[in-house]
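Novice: Just a sequence and a predicted model for now, questions to come.
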Amino acid sequence: MTDHALTRRDWLKLGGASLLAAGTATVPSEVFAQYTCQVCDVPADAAPPQKTFELEIGDTDARLVDGERVNLLAFRLASANGAWTVPGPVLRVTEGMTVRIKITNLRKEMHAFEITGIPESKTEVAPNCSCWVQFTAPVGGTYLYHDAFGNTPLYRLLGLHGVLVVAPLNGVTKKNATNPYPSHTPYSLELLTAPQRNNITKLFNALGTTERFLGGPEGKWVPCTDDEDYSHQEKVWVMQEIDPRFQALVVRGQQLLSAPQLTGDVVNNFVPRYFQLNNRSGFDLNKGEDICPDNYIGEPTLIRMVNVGIAHHSPHIHGNHVFRLSQADLDPASPTFGQVQVADNIFEVDTWSMWPMERRDILLPFEIPPDIPYKPLLATDPQGIQFDRMVARQAKEPFPLRYVVHDHVEMATTAGGGNYPQGMVTHWEIMGGLGGRKLQTARL
Ligand SMILES: [Cu+2]
């Protein structure tokens with residue numbers, strides 16, 4: 001790299017090449033062969049699965065924020081009857097479970113499947129064929145499934161990616177003299193090192209029980225149930241990028257078009273023009289329960305973030321700091337490559353890095369923002385009369401309070417080559433003061 005300022009392309013290279021095994025091998029679709037289905041069933045004597053998913057690989061399209069349309073490769077649950085989604089469906093399992101996944105390739109080129117950090121989940125699937133994989137769910141955390149066929153990020157960038165959430169087996173803190181309410185955490189406490197366990201335990205126990213994190217027993221983090229993609233207190237954000245020149249290679253029902261000038265070196269040829277969360281950007285991210293946390297004070301929210309693109313991102317939020325709970329080990333040379341690393345020293349940050357293939361869990365505490373006129377009154381008025389005035393719209397800052405979420409890597413706040421702020425920009429929302437959810441539910 002030269003000593004002048006980084007160009008856009010250099011940034012992309014930095015993001016992609018430094019962390020990915022950036023394959024320059026021939027892209028699979030260059031070879032148009034007749035495939036026969038390989039035998040890839042789980043052995044007849046394999047343990048019976050406790051959870052089974054059937055995924056299909058096919059194609060779909062999407063309208064981008066500026067009206068452009070692109071074709072995408074997509075996953076769907078075989079049972080979903082036609083609902084192809086990018087990212088793919090959120091798969092939820094519990095640590096230690098025997099999980100079986102059937103992958104059926106409805107496209108006309110070879111595809112592959114793997115879950116980062118779970119080597120047994122890896123397979124390849126020929127056109128119109130199915131393969132089964134079976135594995136034991138690893139420790140609690142956020143995982144990413146994707147198609148890395150040919151050892152390039154091509155199919156991942158074209159849309160074949162999704163999140164697997166592993167719920168912990170022993171994630172609940174103990175009730176004792178100093179801790180009146182057991183707290184759910186996203187991690188298996190017994191499997192953590194002492195510093196990790198202490199940090200996670202202290203933070204999740206503090207929720208709802210301290211002067212800073214209000215709410216009492218209602219102020220706890222509540223995990224998603226098994227059949228939910230997301231909930232009030234748990235969101236899944238998939239950061240992705242679109243280069244329409246690559247998407248144009250996807251033609252519905254046909255083999256991927258051949259374009260060696262692009263696919264011969266995906267990382268260096270890919271120039272993202274759209275920067276998205278869950279396949280939307282800018283105006284299209286102004287609402288959506290999958291993305292926008294809209295909760296009351298004292299409803300801490302976990303955000304599971306993965307970056308499936310090849311650019312580096314640096315998300316930043318206003319209003320509250322977040323707690324950086326865990327990340328994936330991204331060092332291919334590390335013996336724990338791909339595994340979830342829970343922080344042994346939890347940092348409170350207002351921006352954090354998201355390298356390609358990074359998976360990070362962060363906790364948005366929904367504490368009282370430091371810049372609203374509520375906290376000074378707390379000592380004399382624990383019920384928060386000022387908050388009541390705000391709810392009644394008698395104060396200068398009525399609810400909801402909305403705070404921006406955006407990327408500090410500025411290019412990612414644009415769309416279509418400069419249209420600002422139509423990129424990776426959204427918001428979170430404080431709907432009201434303490435106990436607001438209860439009141440709202442009572443009214444309904
Ligand atoms: Cu900002």
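Specialist: Yep, that arrived. Numbering: from 1, shown residues only.

Novice: so Ala112 makes contact with Thr123?
Specialist: Yes: with contact defined as CB atoms under 8 Å, Ala112 and Thr123 form a contacting pair (6.8 Å). Yep, even glycine has a C-beta here, placed from its N, CA and C like the rest.

Novice: Which strands and helices lie in contact with whichever strand or helix holds His316?
Specialist: Secondary structure assignment for His316, by DSSP states H and E: strand 315-317. Contact analysis of strand 315-317 by 3 or more CB pairs under 8 Å, 6 or more residues apart in numbering; DSSP states H and E lists strand 401-407 as its packing neighbours.

Novice: From the rest of the structure, what touches the strand it packs on?
Specialist: Contacts with strand 401-407, where a contact means CB atoms under 8 Å, 6 or more residues apart in numbering, come from 275, 313-320, 369, 372, 413, 421, 423-430.

Novice: how distant is the strand holding His316 from the center of its chain?
Specialist: Its chain's average C-alpha position is 14 Å from that of strand 315-317, according to CA atoms, centre = their mean, to the nearest Å.

Novice: same deal with stretch 63-81?
Specialist: The answer for stretch 63-81 is 17 Å, by CA atoms, centre = their mean.

Novice: What average pLDDT does that stretch get?
Specialist: In this model, stretch 63-81 carries a mean pLDDT of 94.

Novice: how about the CA coordinates for it, as PDB?
Specialist: Extracted C-alpha coordinates of stretch 63-81, given in PDB (Å, rounded to 0.1, in the frame of the first residue of the first chain):
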ATOM      1  CA  ARG A  63     -35.900  -3.800  -4.500                       C
ATOM      2  CA  LEU A  64     -33.100  -1.600  -3.200                       C
ATOM      3  CA  VAL A  65     -33.600   1.800  -1.500                       C
ATOM      4  CA  ASP A  66     -33.300   3.800  -4.700                       C
ATOM      5  CA  GLY A  67     -35.700   1.600  -6.700                       C
ATOM      6  CA  GLU A  68     -33.000  -0.600  -8.300                       C
ATOM      7  CA  ARG A  69     -33.900  -4.300  -8.400                       C
ATOM      8  CA  VAL A  70     -31.300  -7.000  -8.000                       C
ATOM      9  CA  ASN A  71     -31.500 -10.800  -8.000                       C
ATOM     10  CA  LEU A  72     -30.200 -12.700  -5.100                       C
ATOM     11  CA  LEU A  73     -29.400 -16.200  -4.100                       C
ATOM     12  CA  ALA A  74     -31.400 -17.100  -1.000                       C
ATOM     13  CA  PHE A  75     -32.100 -19.700   1.600                       C
ATOM     14  CA  ARG A  76     -35.600 -20.700   2.900                       C
ATOM     15  CA  LEU A  77     -37.000 -23.300   5.200                       C
ATOM     16  CA  ALA A  78     -38.400 -26.000   3.100                       C
ATOM     17  CA  SER A  79     -41.600 -25.800   5.100                       C
ATOM     18  CA  ALA A  80     -41.900 -22.000   4.500                       C
ATOM     19  CA  ASN A  81     -43.600 -22.500   1.100                       C
END
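
Novice: Tell me how the protein divides into domains.
Specialist: The record's domain parsing of the chain by automatic domain parsing lists 8-168, 189-235+280-443.

Novice: could you dump these to TSV with distance to Val267 and mean neighbour count?
Specialist: Below are the domains of the chain laid out as TSV (distance: least, CB to CB, whole Å; neighbours: other CB atoms under 10 Å):
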stretch	distance to Val267	mean neighbour count
domain 8-168	4	19
domain 189-235+280-443	6	18
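
Novice: Just tell me which of those ends up closest to Val271.
Specialist: domain 8-168 (6.9 Å; CB to CB).

Novice: what residues does the helix with the most length in the chain touch?
Specialist: Among the segments of the chain that qualify as a helix by DSSP state H, the longest is helix 194-206. Helix 194-206 is contacted from outside by 173, 179, 181, 183-185, 187, 189, 192, 212-213, 220-221, 323, 325, 342-346, 363, using CB under 8 Å, 6+ apart.
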